[in-house]
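Asker: Pasted the sequence and its predicted model underneath.
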Amino acid sequence: MRAVLATTPGGPEVLSVEQCPDPTAVPGRVVVAVEAAGVNFVDTYRRAGRYPMPFPHVVGSEGAGRVLAVGDDVTSVRVGDRVGWVSGSDGTYAEQTAVDADALVPLPEDLPADVAAAALLQGMTAQYLVASTFPVTEGQHVLVHAGAGGTGLLLTQLATARGASVVTTVSTEAKAELSRDAGAAHVIRYDALGDLTAELPPLVRELTAGGVHTVFDGVGRSTFDASLASLRLRGGLALFGASSGPVPPVDPQRLNAAGSVFLTRPFLAHYIATREELLGRASDVLGRVADGSLQVRVGERFPLADAAAAHRALEGRRTTGKVLLVP
C-alpha cells in the first residue's frame, strides 16, 4: 500500500509517499481501507517533533473507511462495515490502516466517508468543550478564536444551539461570512487590529457588556493574553490547541488578577477515555450531522501525494473548515 511517512522531525518537506507493507488483522485490531483521512493540527505537531513520536511514522490519526479484515477475537465489527476513528490506528495518511477495534465508531451507510472523517475529531472536540469542559448555557457569551476553521465553525454552531451568543475572530472577510453563517453574533477581524492583546479585550467587553463567560482558544501563543483579558469574573479559558505556537509558562497569580478565572488545557483523548464516552460523543455529533442541525464544511481535499501541501495550507492558516486527504 501507499502511505505518507514523516521521515524525521521537521517541516512539511519531511513528508514522503512510500510503499509500505499492508497491515494485518491481529487480535484486537481491524484492517480498514481508508476512504478519507482528516488532516489536523496535531498531525503537524507530531510531524514537527513537538509531540513525542517515533520516526519514521505514518502520519494521521483520524479517518473513515470500510473494514477489510478483523482479528480473530473481534466481534464488534465485521468485514464490510463502515467505520470511523480518531485514535488507535497505525496512521491514517494511507490506503489501509490497522485500528484498535475498541476505537472504531460505526457509521451509517448513508453518511459519506469524507463527511465522517471531517466530523469526528473536530466535532467531538467541539462537543466536549461546550458540554463538559465549560458547559455552555442559555444567555452566556462565548468567544471562539479561528471562527472559520473546522473546529471553530462547529464550536459556534454547538454553542449557539445551547443558547449562547458567540463572538468569533477571523482574518478575512470571506472567513467572516462563513463564521456568520455558522451563527456568530459578532465577528471580529483580528487582522484589522493593530495590537491584538491591547485592542481585542475592550472590544469584546463592549460587545458582551463586560466580557465573555468562556473563551475557546485553539490558537495559543498569539491569542492567549487577549483571551485571558476578555473573560468576565470567574470565567473560563479552554486552551485546546496551539496553532500559533505554545503558550509560555503562566504565573497562576494572573488567574486571580483576571477575576478568579479558570484555565484548562483539555485533550480529546481524556474526554473519550471509555468506550461508552467515545460512542456517546460520536453519536451526538453524527446524529446532529444526520439531522442537518450541524453543518460540516470540507474546505479542501488533497491526494496522498500532496500531504505536504495540505500541511502548508493548514499551518499557513489558508484553510477554512476541514482539510482531508483522499487516498
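Answerer: The structure has been received and is ready for your questions.
Asker: Doesn't Asp43 belong to a helix?
Answerer: Yes: under DSSP: H, G, I helix; E, B strand; the rest coil, Asp43 sits within a helix.
Asker: which residues touch it?
Answerer: When contacts are counted by C-beta atoms under 8 Å, 6 or more residues apart in numbering, Asp43 touches 59-61, 93, 311. (Each C-beta comes from the backbone N, C-alpha and C, glycine too.)
Asker: In this structure Thr7 contacts Val58, no?
Answerer: No: checked against C-beta atoms under 8 Å, the pair Thr7 and Val58 is beyond contact range at 11.1 Å.
Asker: For those two, work out which one has more neighbours and name it.
Answerer: When Thr7 is set against Val58 and neighbours are counted by other C-beta atoms under 10 Å, the residue ahead is Val58, at 19 against 14.
Asker: which one is the more buried one nearest to, not counting chain neighbours?
Answerer: Closest residue in space to Val58, ignoring its immediate chain neighbours: Gly91 at 2.6 Å, by C-beta to C-beta, 6 or more residues apart in numbering.
Asker: Please list the outside residues in contact with stretch 276-285.
Answerer: By C-beta under 8 Å, 6+ apart, the surrounding residues in contact with stretch 276-285 are 84, 103, 105, 119-120, 123-124, 126-128, 131, 271-272, 294.
Asker: same deal with stretch 241-259?
Answerer: Contact partners of stretch 241-259, identified using C-beta under 8 Å, 6+ apart, comprise 41, 45, 50, 146, 151, 217-224, 228-229, 231-235, 239, 261-263, 315, 317.
Asker: likewise stretch 159-172?
Answerer: Residues outside stretch 159-172 that contact it (C-beta under 8 Å, 6+ apart) are 130, 136-148, 152, 155-156, 176, 178-179, 182-191, 200, 204, 207-208, 212-213, 216, 223, 293, 317.
Asker: again, only this time at 6 Å
Answerer: Residues outside stretch 159-172 that contact it (C-beta atoms under 6 Å, 6 or more residues apart in numbering) are 130, 136, 138, 140-145, 147-148, 156, 176, 179, 183-188, 190-191, 204, 207.
Asker: next one: stretch 194-214
Answerer: 134, 140-143, 167, 186, 190, 193, 225-226, 229-232, 235-236.
Asker: Domains in the protein, by residue range?
Answerer: What automatic domain parsing lists as the domains of the chain is 2-119+296-325, 138-265.
Asker: Give me the three-state assignment for Phe76.
Answerer: Wrong residue type there; residue 76 is Ser, not Phe. Secondary structure, three-state DSSP: Ser76 is coil.
Asker: Tell me, how many residues neighbour it?
Answerer: Ser76 has 13 neighbours, counted by other C-beta under 10 Å.
Asker: so what's the nearest residue to it once chain neighbours are set aside scoring on pLDDT?
Answerer: Counting by C-beta to C-beta, 6+ apart, the nearest residue to Ser76 once its immediate chain neighbours are dropped is Ala101, at 5.5 Å. According to the predicted model, the pLDDT of Ala101 comes to 98.
Asker: I'd like the distance between Ala101 and Leu68.
Answerer: Here the criterion is C-beta to C-beta, to the nearest Å. By it, Ala101 lies 13 Å from Leu68.
Asker: So these two - more neighbours on which side?
Answerer: The neighbour count for Ala101 versus Leu68, taken as other C-beta under 10 Å, is higher for Ala101 (21 against 17).
Asker: center of this structure - which residue?
Answerer: The C-alpha lying nearest the average C-alpha coordinate of the chain belongs to Gln122 (C-alpha atoms, centre = their mean; 3.3 Å).
Asker: Packing partners of the helix or strand containing that residue?
Answerer: Here Gln122 is covered by helix 113-128, with elements defined by DSSP states H and E. Contacting helix 113-128 under the criterion 3 or more C-beta pairs under 6 Å, 6 or more residues apart in numbering; DSSP states H and E are the following elements: strand 29-39, strand 62-70, helix 150-161, helix 275-291, strand 322-325.
Asker: Please report how far the closest residue to Ala176 other than its chain neighbours lies from Ser230.
Answerer: On the basis of C-beta to C-beta, 6+ apart, the spatially nearest residue to Ala176 that is not a chain neighbour turns out to be Val187, at 4.6 Å. Remark: distance between Val187 and Ser230 (C-beta to C-beta) = 15 Å.
Asker: Equivalent analysis for Gly149, please.
Answerer: Counting by C-beta to C-beta, the gap between Gly149 and Ser230 amounts to 18 Å.
Asker: Look at the two and report which has more neighbours.
Answerer: A direct count of neighbours by other C-beta under 10 Å for Gly149 and Ser230 places Gly149 higher, at 31 against 27.
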